[in-house]
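*Asks:* got a predicted structure here, sequence first:
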Amino acid sequence: MSGAIVHFEIPADDRERAANFYRSAFGWKISAMQGMDYDMLQTTETSDQGMPKEPGAINGGMLQRTERFPSPVITVDVDDIDAALAKVKEFGGSVVEAKQPIAEMGFTAYFRDSEGNLLGLWQNA
């Protein structure tokens, strides 16, 4: 599945207000992640493992808007974040945040592409 878009993140100035908006406008289920300043956004029905049941559908997250995260971010699945970040640099992008673990689920990193857009990477544990 490497290279697929698997997640998105929406920054918000007021996360409660944004959560109410997305619940009301689209029927999304929103839940806070324990021990993290982060909310999970469920846009579609999920399996017992938390994966979208609908082919092509993705779920996401919401975080506080900061200078580092001023706009929505899409996340790309990769087999090896370190190798992907090396390719990002090789082809004109830059690393914003190096590989870091997310609980026991996997790893994430952030980069800017050749056009300055912020994107995320995901590697399953």
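*Replies:* Received, thanks. Numbers count the residues shown, from 1 in each chain.
*Asks:* could you pull out the helices for the chain?
*Replies:* In chain order, the chain shows helices spanning 15-26, 81-90, with DSSP state H as the criterion.
*Asks:* what's the first one packed up against?
*Replies:* Looking back up the chat, that one is helix 15-26. Applying 3 or more C-beta pairs under 8 Å, 6 or more residues apart in numbering; DSSP states H and E, we find helix 15-26 packed against strand 5-12, strand 29-32, strand 39-42, strand 59-64. Just so you know, the C-beta spots here come from the backbone N, C-alpha and C atoms, and that holds for glycine as well.
*Asks:* which one of those lies nearest to residue 92?
*Replies:* With distances scored as C-beta to C-beta, the stretch of the helices and strands packed on helix 15-26 nearest to residue 92 is strand 5-12 (20.5 Å).
*Asks:* could you pull out the buried residues of the closest one?
*Replies:* By neighbour count, and taking 16 or more other C-beta atoms under 10 Å as the criterion, the buried residues in strand 5-12 are 6-12.
*Asks:* please apply the same query to stretch 91-111.
*Replies:* Buried residues in stretch 91-111, counting neighbours by 16+ other C-beta under 10 Å, are found at 93, 96, 107-111.
*Asks:* ok, stretch 47-56 next?
*Replies:* Taking 16+ other C-beta under 10 Å as the neighbour-count basis, stretch 47-56 is seen to contain the buried residues residue 52.
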